[in-house]
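**Q** Using only what follows, build the 3D model:
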Amino acid sequence: MYHNMFWGGMWFGWLFWIIIIGLIVWLIMKKVNRSRKTSAFDSSIESPLDILKNRYAKGEINKEEFQEKKKDLT
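**A** Okay, here's the model as predicted:
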């Protein structure tokens, strides 16, 4: 009877460490993928001038405000 308990405990120990190592690898991969997505996202960020053009196109600001702000940005 003691023999069966030993093997069950041994398998539990192996399973525990496999899960821990898998979790560590998963966290590292998640961190690496997040940094890749962040760098790709940075290139798609709109410039202040693009935001200003969008606001003018939506009618949020009038032509005079657009010209003033554009002059400030350039």
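
**Q** Domain ranges for the chain, per the record?
**A** Here the domain assignment for the chain is 1-43, 45-74, based on automatic domain parsing.

**Q** Tell me which of those sits most buried.
**A** Mean neighbour count (mean count of other CB atoms under 10 Å) peaks for domain 45-74 among the domains of the chain, with a mean of 11. Where you see a C-beta, it was placed from the backbone N, CA and C, and this is true even at glycine.

**Q** what's the offset of it from the middle of its chain?
**A** The chain centre lies 29 Å from the centre of domain 45-74; the measure is CA atoms, centre = their mean, to the nearest Å.

**Q** which stretches of this protein form helices?
**A** 2-43, 48-58, 63-73 (DSSP state H).

**Q** Between the ones you listed, which has the poorest mean confidence score?
**A** The minimum mean pLDDT among those belongs to helix 2-43 (a mean of 76).

**Q** how near is the spatially closest residue to residue 66 that is not a sequence neighbour to residue 26?
**A** Leaving out its chain neighbours, the residue that sits closest to residue 66 by CB to CB, 6 or more residues apart in numbering is residue 56, at 4.3 Å. In this view, residue 56 and residue 26 are 46 Å apart by CB to CB, to the nearest Å.
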